[in-house]
Structures are given as C-alpha cells and as structure tokens.
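1. coordinates for the following, if possible.
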Amino acid sequence: MPGFIANSKDVFRLFRNMDRLPKYLSKSSKIAALDAGRRYVALVRSGINVSTTPAWVSKHTGDWRALSDVWIKEKGHDRFWYETGAILRNVKVTLISETMKWIEIFAGLRAMDDQDAYARALKNEFGVEVEGQDRPLFRPAIDELAPPIAPGGRRKLRPGSQVRQNFHGALKNAIRKAHSGV
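-> Numbers count the residues shown, from 1 in each chain. This next block holds a predicted model:
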C-alpha cells in the first residue's frame with residue numbers, strides 16, 4: 001500500500017517546527033503592524049508643511065480653506081499644519097506592548113509626547129469656534145488606508161491594500177519559516 005512513512009526524525013522535526021510557528025507568526029505580525037504604522041505616519045507627514053491641500057486629503061474631505069492673511073503674517077509663511085515643527089517631529093510609531101499573542105502599536109501624535117503640539121494638532125484637525133477652520137489630516141489618512149466604518153462599527157482593509165497584503169504575507173512568511181525549519 002503506497003503512502004508516506006515517516007521516521008522518528010521527521011516526526012520530531014515536524015513537531016519542533018509546529019512549536020516554532022507561533023513565535024514566527026508573532027514576529028511577522030509585529031513587522032507588518034509596524035509597517036502599517038509607518039505607512040500611516042508617512043502619509044500624515046506628507047500633509048504637513050504644504051502650501052496646497054494634498055490630493056489624498058481632498059479626496060476624502062475636500063480642499064482646505066486658505067489661511068487668513070493675519071495668520072500668514074503671524075506664522076511668517078503660508079504653509080498648512082506647520083508652526084514650530086513639533087507636530088512633524090512628534091508624529092511617529094510607538095510600540096506600546098508586545099506579547100506572543102498581542103502586539104499594540106500607536107501611530108500618530110500622543111499628548112504625552114508634546115502637549116503643546118497635541119493641542120495645536122487638535123485645533124488644526126477640528127478647528128475652533130469658527131466654521132471652516134478645520135483642516136483634517138489624521139482622519140483622511142485613516143480613510144486613505146482603510147475604508148470608512150462599516151455598519152458593524154469596524155473598518156475592513158481594502159482587498160488590494162498594501163497593509164492587508166503585509167498581514168497576509170506575515171502568515172505566509174511564518175508558515176514558510178516553520179516549514180523550512182529556519
């Protein structure tokens with residue numbers, strides 16, 4: 001009767017590699033999550049210190065209202081989202097926690113990193129009391145990477161998105177490493 005007959009070495013190798021799979025999957029998922037965070041941060045940073053509304057922002061929210069002459073004079077330039085450079089410096093990816101089963105990252109601007117920059121970012125993102133002063137940047141970046149919230153309250157990654165492909169690649173990479181016994 002034809003079939004596969006395994007010797008004890010093959011069985012040992014198979015179980016050893018299966019034991020390694022969670023570690024490989026965790027490592028590959030961390031790489032994919034950090035890459036997704038870096039993509040988000042790069043997108044947000046591309047909208048800082050610009051003189052016109054970025055195309056990916058206007059696609060989701062429309063064009064930003066021009067800066068007032070008073071504000072241009074006070075800032076000394078006509079660039080959006082740029083005052084001291086603190087917002088640009090503090091938009092980053094931070095690894096919050098990591099276990100074998102859980103990876104938590106934060107991509108964006110945290111109040112604990114620079115409270116003044118955070119306050120200015122909120123003012124730019126949501127505006128103040130006057131209508132039309134908001135210039136959303138962080139929300140359109142999320143919408144660019146993932147579609148709007150679905151009826152169930154969750155976002156799903158677009159089928160062809162690079163972020164989605166990276167997470168699918170993480171699983172394939174982990175299986176490949178476990179199979180090859182690297």
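
2. can you name the residues that contact the residue most central in space within the chain?
-> Residue closest to the mean C-alpha point of the chain, counted by CA atoms, centre = their mean, is residue 37 at 2.8 Å. By CB atoms under 8 Å, 6 or more residues apart in numbering, residue 37 lies in contact with 93, 105, 106, 107. To be clear about C-beta, it is placed using only N, CA and C from the backbone, and glycine gets the same treatment.

3. mind listing what's buried along the helix or strand hosting it?
-> Taking DSSP states H and E as the criterion, residue 37 maps to helix 8-45. Residues of helix 8-45 classed as buried: 17, 24-29, 32-37, 39-41, 43-45 (neighbour count, 16 or more other CB atoms under 10 Å).

4. how far away from the center of its chain is that helix?
-> Distance, stretch centre to chain centre, for helix 8-45: 18 Å (CA atoms, centre = their mean, to the nearest Å).

5. mean pLDDT per helix and strand in the protein: which one sits at the bottom?
-> Lowest mean confidence among the helices and strands of the chain (mean pLDDT, DSSP states H and E): helix 162-180, at a mean of 78.

6. now the angle between helix 162-180 and the strand or helix carrying residue 139, please.
-> Per DSSP H and E, residue 139 falls inside helix 138-145. If you take axes from the mean of the first three to the mean of the last three CA atoms, to 10 degrees, helix 138-145 sits at 60 degrees to helix 162-180.

7. narrow the contacts of residue 37 to just the buried residues.
-> Buried members of the contacts of residue 37, scored by 16+ other CB under 10 Å, are 93, 105, 107.

8. make a markdown table out of the residues you listed and add distance to residue 84, pLDDT and secondary structure.
-> Below are the buried ones among the contacts of residue 37 laid out as a markdown table (distance: CB to CB, whole Å; pLDDT from 0 to 100; DSSP: H, G, I helix; E, B strand; the rest coil):
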| residue | distance to residue 84 | pLDDT | secondary structure |
| --- | --- | --- | --- |
| 93 | 21 | 95 | strand |
| 105 | 26 | 92 | strand |
| 107 | 21 | 94 | strand |
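
9. need the phi and psi values for residue 84.
-> Main-chain torsions, residue 84, degrees, to the nearest 10: phi -110, psi -10.

10. just checking, it touches residue 117?
-> Yes. Between residue 84 and residue 117 a contact is recorded at 7.5 Å, counting by CB atoms under 8 Å.

11. packing partners of the helix or strand encompassing residue 73?
-> Assigned by DSSP H and E, residue 73 belongs to helix 69-75. Using 3 or more CB pairs under 8 Å, 6 or more residues apart in numbering; DSSP states H and E, no helix or strand is in contact with helix 69-75.

12. and the contacts of it?
-> 67, 78, 82, 83.

13. what's the closest of these to residue 178?
-> Distance to residue 178, by CB to CB, is smallest for residue 82 among the contacts of helix 69-75, at 47.0 Å.
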